[in-house]
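Peer 1: quick one: sequence plus predicted model below, questions after.
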Amino acid sequence: MNASEICKSDTPNPIGPPLWLLAEVTYKCPLHCVFCYNPVDFALAGPELSTEDWLRVLREARAAGSVQCGFSGGEPLVREDLEILVAEAHRLGFYTNLLTSGVGLTEARAAALKKAGLDHVQLSFQDSTKELNDFLSHTKTFDLKRRTAEIIKSHDWPMVLNCVIHRLNIDYIGQIIELAVELGAEYLELANSQYYSWAELNRDNLLPSREQLERAERITNEFREKLGDRLRIIFVVPDYYETRPKKCMNGWGSIFLTVTPDGSALPCHVAKMLKDISFPNVRDMGIQDIWYESDAFNRYRGDSWMKEPCRTCPEKEKDLGGCRCQAYMLTGDAANADPVCEKSEMHHRITEAADYAQIPDAQRDTIKPLVFRDPKASRALTV
Amino acid sequence: MTDVTAQQHPNVDLKICPTVARMFKLQWEQAQKSWVLLYPEGMVALNGSAGEIMSRLDGKTSIQVLIDTLEKQFQTSGLSTDVLNFLTMARGQGWVKL
């Protein structure tokens, strides 16, 4: 998701429409990625929304001004009604995006999705080296992704490859870029893992060292120069190496609306971790009311909720105090400044993690085992 | 006017019929009262004149005809520089194919 680009639009009203709808249609997923942003307690989620529920959500969101619709998960292809949902989203005038691992995208389903009007497929690759890919995603999926990429190209979809970057694969960044070129991708998103949910559990194993990061950026820039317009590469740095926080989601309740598999409406895909907020459910409330009227979506809009140092900070409009979830995770209060900011009293929580990342694995006293995202681990971690 | 414009945009042939690039979808958004360009995971809301130009790119209308049409519609003249500046910028952004 690219907040910086979508926010180019001018919205004259104080609260603009929910331009971006992320429909997380299922938590089921054939992969078990260690950096997954799905909630750690996903296995405890209630029953999935029905086809009719989703069709209503699409209509309501479109009526409220949504233009981009991303179908995500879990693995959205697990839902057998995906084609029905895409067709309705297309009919309503959404730009439709499928965010997929590629598992399940057979030629037959690709043809059906094309017919339904799917505009774009974003294929995620964990890495370009088969062994590491299989290790990180915990399934034998690499060859399949290669075949999937060919199917995407054959249906003339613009192809965006997404690769989550972290300590274990960042040193292979050159091979990842070469693979994207080989597959004919138009965009390559090299997004450093953000440390929420499963990635937060695995943070010590996933946060790259500064040296790794600088090398990766240098190599990426060399490829950019060499490839020019052939491949547009987006490199997202981990905010643990920043001194000012990101303007997360372009602001709470500003443009993003996520609907989870069991119908919770969230201002971002990880906000459910904020346990003191009662998030509305699309089964009980319409999208228009959720967006404009609900307490949850108004909670961190504007700046009246801010504490010091944000409240009197001259940069507060620039980043809106960063990420509420990161503030909550690392300081215990979502209304605090995101500790990525060096003005935060808790900034040491970030620098300590970054300092630890400089220690080579071989010199670490203990290596915590990676926790793979699966229902069993989810239940074990949330009992 | 045409001569000056031709000097500023030596690579643009006025007989070319531009199209909206494959990856982009142009549509009118009532909620925002503007033409918007949608593309993978992003959106650009176009201002009035950009919308007037973009919404006429059908792959069959030449730049010259486009300029003539706009001048007639808005009862003005000398729009060629503005139109070519916009199209050049839009090509640079990848929005249009010239």
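Peer 2: Yes, it's here.
Peer 1: avg pLDDT for stretch A:15-34?
Peer 2: Across stretch A:15-34, pLDDT averages out at 94.
Peer 1: ok, and for that stretch, which residues are buried?
Peer 2: Across stretch A:15-34, burial judged by 16 or more other C-beta atoms under 10 Å in any protein chain shown covers A:16-34. No exception for glycine: its C-beta is placed from N, CA and C like everyone else's.
Peer 1: return the distance of that stretch from the chain's centre.
Peer 2: 8 Å (C-alpha atoms, centre = their mean, to the nearest Å).
Peer 1: how about stretch A:362-369?
Peer 2: On C-alpha atoms, centre = their mean, the centre of stretch A:362-369 falls 28 Å from that of its chain.
Peer 1: swap in stretch A:186-204?
Peer 2: The answer for stretch A:186-204 is 8 Å, by C-alpha atoms, centre = their mean.
Peer 1: on that earlier part again, just the buried residues of stretch A:15-34: which are in helices?
Peer 2: Judged by DSSP state H, helices contain none of the buried residues of stretch A:15-34.
Peer 1: end to end, how far does stretch A:73-83 reach?
Peer 2: 15 Å (C-alpha to C-alpha, to the nearest Å).
Peer 1: neighbours of residue B:75, how many?
Peer 2: 6 (other C-beta atoms under 10 Å in any protein chain shown).
Peer 1: how far away is it from chain A?
Peer 2: Per C-beta to the nearest C-beta, to the nearest Å, residue B:75 is found 27 Å from chain A.
Peer 1: repeat that for residue B:89.
Peer 2: According to C-beta to the nearest C-beta, residue B:89 stands 14 Å off from chain A.
Peer 1: and residue B:12, by the same measure?
Peer 2: When residue B:12 is compared with chain A (using C-beta to the nearest C-beta), they lie 18 Å apart.
Peer 1: which residues touch that residue?
Peer 2: By C-beta atoms under 8 Å, 6 or more residues apart in numbering or on different chains, the contact list for residue B:12 reads B:63, B:84, B:87, B:88, B:98.
Peer 1: TSV for these, including distance to residue A:236, pLDDT and secondary structure?
Peer 2: Listed next are the contacts of residue B:12 as TSV, based on distance: C-beta to C-beta, whole Å; pLDDT from 0 to 100; DSSP: H, G, I helix; E, B strand; the rest coil:
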residue	distance to residue A:236	pLDDT	secondary structure
B:63	38	94	helix
B:84	35	93	helix
B:87	31	93	helix
B:88	30	92	helix
B:98	31	83	coil
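Peer 1: any weak-confidence spans in chain A?
Peer 2: A:1-13, A:126-131, A:133-142 (pLDDT under 70).
Peer 1: if we can go back for a sec, ok, and which of the buried residues of stretch A:15-34 reach chain B?
Peer 2: A:17, A:19 (C-beta under 8 Å from any C-beta of the partner chain).
Peer 1: pretty sure residue A:169 is touching residue A:179, no?
Peer 2: No: the pair residue A:169 / residue A:179 is not scored as a contact, 11.9 Å apart, by C-beta atoms under 8 Å.
Peer 1: comparing these two, which shows the higher neighbour count?
Peer 2: Neighbour count, other C-beta under 10 Å: between residue A:169 and residue A:179, residue A:169 has more, with 26 against 22.
Peer 1: tell me how far that one lies from residue A:176.
Peer 2: Distance of residue A:169 to residue A:176, computed by C-beta to C-beta, to the nearest Å: 7 Å.
Peer 1: the stretch 151-300 of chain A against chain B: which residues are in contact?
Peer 2: Residues of the stretch 151-300 of chain A lying near chain B by C-beta under 8 Å from any C-beta: A:156, A:158, A:160, A:186, A:187.
Peer 1: derive a ChimeraX selection command for the buried subset of the residues you listed.
Peer 2: Buried residues among these (16+ other C-beta under 10 Å), as a ChimeraX selection:
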select /A:158,160,186,187
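Peer 1: relative to chain B, which of the residues of the stretch 151-300 of chain A next to chain B is nearest.
Peer 2: Each of these was scored against chain B by C-beta to the nearest C-beta, and residue A:158 proved nearest at 4.2 Å.
Peer 1: so which of the residues of the stretch 151-300 of chain A next to chain B are in strands?
Peer 2: Within these, residues falling in strands by DSSP state E are A:160, A:187.
Peer 1: I'd like the residues of the stretch 151-300 of chain A next to chain B laid out as JSON lines, including distance to residue A:112.
Peer 2: Formatted as JSON lines, those follow (distance: C-beta to C-beta, whole Å):
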{"residue": "A:156", "distance to residue A:112": "15"}
{"residue": "A:158", "distance to residue A:112": "19"}
{"residue": "A:160", "distance to residue A:112": "21"}
{"residue": "A:186", "distance to residue A:112": "23"}
{"residue": "A:187", "distance to residue A:112": "24"}
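Peer 1: the residues of the stretch 151-300 of chain A next to chain B: which two are farthest apart?
Peer 2: Greatest spacing in these, by C-beta to C-beta: A:156 and A:187 (15.4 Å).
Peer 1: just checking, residue A:70 is part of a helix?
Peer 2: No: assigned with DSSP: H, G, I helix; E, B strand; the rest coil, residue A:70 falls outside any helix and is strand.
Peer 1: bridged to it, which residues?
Peer 2: residue A:22, residue A:97 (DSSP bridges).
Peer 1: if I look at it, how far off is residue A:120?
Peer 2: For residue A:70 relative to residue A:120 (C-beta to C-beta), the value is 9 Å.
Peer 1: go on, residue A:340?
Peer 2: With C-beta to C-beta as the criterion, residue A:340 and residue A:120 are 31 Å apart.
Peer 1: these two: which is more packed in?
Peer 2: Per other C-beta under 10 Å, whichever of residue A:340 and residue A:120 has more neighbours is residue A:340, with 27 against 24.
Peer 1: run through the residues that contact the residue lying closest to residue A:342 once chain neighbours are set aside.
Peer 2: Using C-beta to C-beta, 6 or more residues apart in numbering or on different chains and skipping residues adjacent in sequence, the residue nearest residue A:342 is residue A:243, 4.4 Å away. With contacts defined as C-beta under 8 Å, 6+ apart, residue A:243 is in contact with A:340, A:341, A:342.
Peer 1: hmm, back to that, in strands only, show me the buried residues of stretch A:15-34.
Peer 2: A:20, A:21, A:22, A:23, A:24.
Peer 1: and which of the residues you listed is nearest chain B?
Peer 2: So of these, ranked by how close each gets to chain B (C-beta to the nearest C-beta), first place is residue A:20, at 8.2 Å.
Peer 1: can you map out the helices along chain B?
Peer 2: B:2-8, B:48-54, B:63-73, B:80-93.
Peer 1: distance from the longest one to the middle of the chain?
Peer 2: In other words, helix B:80-93. So, by C-alpha atoms, centre = their mean, the centroid of helix B:80-93 is 7 Å from its chain's centroid.
Peer 1: which residues of chain B lie near chain A?
Peer 2: Within chain B, the positions lying close to chain A (C-beta under 8 Å from any C-beta) are B:22-23, B:25, B:27, B:29, B:31-32, B:36, B:38-45.
Peer 1: what's the farthest-apart pair in those?
Peer 2: B:22 and B:31 (25.5 Å).
Peer 1: okay, these two: which has more neighbours?
Peer 2: Between residue B:22 and residue B:31, counting by other C-beta under 10 Å, residue B:31 is the more crowded of the two (17 against 13).
Peer 1: quick check: closest non-adjacent residue to the more buried one.
Peer 2: Closest to residue B:31 by C-beta to C-beta, 6+ apart is residue A:65, at 3.5 Å.
Peer 1: repeat for residue A:265
Peer 2: Once flanking residues are discounted, residue A:265 sits nearest to residue A:290: 4.7 Å by C-beta to C-beta, 6+ apart.
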